[in-house]
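heads up, no residue letters with this:
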């Protein structure tokens, strides 16, 4: 079937608009991160002052301050606006993927541009789910920073016009293998960010002189550790399934299960790193900082494999670049 150029153009518009709104949501989240914590600490000091005065016999109704609630309310309201923008951008992001699929009449992840578009959407969707489980809305900027950078690289260096896929990709494995890789890689972005923040928080907890302004604004190390572990333990089996499906597809398409192609190799390295992370979590002596460092290395390998392998190397997967 011919490519629907109109839908393809609308997809590009949605992608560009989503990226712009992500940037705005990023700025709003940074405002809450930078000023919301100060407001919360000021409110806590005010509450402590009220408790001290009441304990001394003073009337509580006359000492409750009016200004601190407005101080902490303003950045929180901005943070809520940022969260609303995040959802709006995610909907536009999803629309870009769906419109691209209708435009090309196939699964919308047949080239590197489409793959990156879908992977960053999964990362954002995972974070939205995390926001419903943990009070970490003020950390949204740290998740959106790599997402926005990757989306910019994807929309410029890796952009591919809508077109049919090459014969090697005209298989049902395109849906099975690539979708599993997209979900696994997208979710892995979240524990990577959480583990980086965990290292900052843990360093501050061990020595309050380290990161004195940044450390206290982060959630507790336990919260960040739970976010990293729960998302990794979800993504790892999906990613494993994707790697195995890729091997089966490679045997059918190229006559071998494994050929040490650059993208295959880095994917395998990332798989080993995440397996080591989960093993370290099961080993008491390697929990905490050591496990977080392993997860950060896995995060780096995932990002490198997600985009930069296609930019700096050539191999059997290079056709995905367009």
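Structure's in. What do you need? Everything numeric in this text was worked out from a predicted model, so none of it was measured.

how far away is residue 157 from residue 248?
According to C-beta to C-beta, to the nearest Å, residue 157 and residue 248 sit 31 Å apart. Every C-beta, even on glycine, is put in place using the N, C-alpha and C of the backbone.

do residue 308 as well
26 Å.

Just after the helix or strand of the chain with the lowest mean pLDDT, pick out the following helix or strand.
The helix or strand of the chain with the poorest confidence is helix 37-55; it has a mean of 46 (mean pLDDT, DSSP states H and E). Using DSSP states H and E, the helix or strand that directly follows helix 37-55 along the chain is helix 67-104.

helices and strands around that following helix, which ones?
helix 5-31, helix 37-55, helix 112-133, helix 140-156 (3 or more C-beta pairs under 8 Å, 6 or more residues apart in numbering; DSSP states H and E).

in the shortest one, what's buried?
The one in question is helix 140-156. Buried residues in helix 140-156, counted by 16 or more other C-beta atoms under 10 Å: 140-148, 150-151, 153-155.

what stretches of this protein score poorly on pLDDT?
37-72, 168, 284-285, 310-322 (pLDDT under 70).

Let's see that with 50 instead.
The model of the chain has pLDDT under 50 over residues 38-39, 42-54, 56, 58-70, 319-322.

List the buried residues for stretch 104-119?
104, 106-119.

who's in contact with that stretch?
1, 3-4, 8, 15, 93, 96-98, 100-101, 150-151, 153-155, 158-160, 162-165, 169, 174-175, 178-179, 181-182, 185-186, 189, 306-307, 310, 320-322 (C-beta atoms under 8 Å, 6 or more residues apart in numbering).

Filter those down to the buried ones.
Applying 16+ other C-beta under 10 Å to the contacts of stretch 104-119, the neighbour count classes 4, 8, 15, 93, 96-97, 100-101, 150-151, 153-155, 158-159, 162, 165, 169, 174, 178-179, 181-182, 185-186, 189, 306-307, 310, 320-321 as buried.

Next one: residue 162 relative to residue 215, how far apart?
Residue 162 is 47 Å from residue 215, by C-beta to C-beta.

And for residue 112?
38 Å.

And for residue 113?
38 Å.

now residue 275
30 Å.

In terms of neighbours, single out the busier of those two.
Counted by other C-beta atoms under 10 Å, residue 275 and residue 215 do not tie: residue 215 has more neighbours, with 19 against 14.

For that one, list the residues it contacts.
Contact analysis of residue 215 by C-beta under 8 Å, 6+ apart lists 200-201, 203-205, 208.

Same question for residue 191.
227-229, 231-232, 235, 295, 299.

Repeat that for residue 32.
Applying C-beta under 8 Å, 6+ apart, the residues contacting residue 32 are 75-76, 78-79, 82, 137-138.

so the closest residue to residue 286 other than its chain neighbours is in which element?
Sequence neighbours aside, residue 280 is the residue nearest to residue 286 in space, at 3.7 Å (criterion: C-beta to C-beta, 6 or more residues apart in numbering). Here residue 280 sits within helix 262-282, counting by DSSP H and E.

next structured bit after that helix?
Counting by DSSP H and E, what follows helix 262-282 is helix 289-303.

Tell me which residues of that following helix come out buried.
Buried-residue list, helix 289-303, by 16+ other C-beta under 10 Å: 291-299, 301-303.

And these, which two are furthest apart?
291 and 303 (19.1 Å; C-beta to C-beta).

what helix or strand does the nearest residue to residue 247 once chain neighbours are set aside sit in?
Distances taken as C-beta to C-beta, 6+ apart place residue 257 nearest to residue 247, at 4.4 Å, with adjacent residues excluded. Residue 257 belongs to no helix or strand when assigned by DSSP H and E.

count of neighbours near residue 257?
Residue 257: 14 neighbours (other C-beta under 10 Å).

cool, and residue 200?
17.

give me every residue that touches it.
By C-beta under 8 Å, 6+ apart, the contact set of residue 200 is 211, 214-215, 218.

tell me which element it is part of?
Element membership of residue 200 [criterion: DSSP H and E] is helix 173-206.

before we move on, the earlier item: now render the contacts of residue 191 as JSON lines, adding distance to residue 194 and secondary structure.
Formatted as JSON lines, those follow (distance: C-beta to C-beta, whole Å; DSSP: H, G, I helix; E, B strand; the rest coil):
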{"residue": "227", "distance to residue 194": "4", "secondary structure": "helix"}
{"residue": "228", "distance to residue 194": "4", "secondary structure": "helix"}
{"residue": "229", "distance to residue 194": "9", "secondary structure": "helix"}
{"residue": "231", "distance to residue 194": "7", "secondary structure": "helix"}
{"residue": "232", "distance to residue 194": "9", "secondary structure": "helix"}
{"residue": "235", "distance to residue 194": "12", "secondary structure": "helix"}
{"residue": "295", "distance to residue 194": "8", "secondary structure": "helix"}
{"residue": "299", "distance to residue 194": "9", "secondary structure": "helix"}
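
Noted, bye for now.
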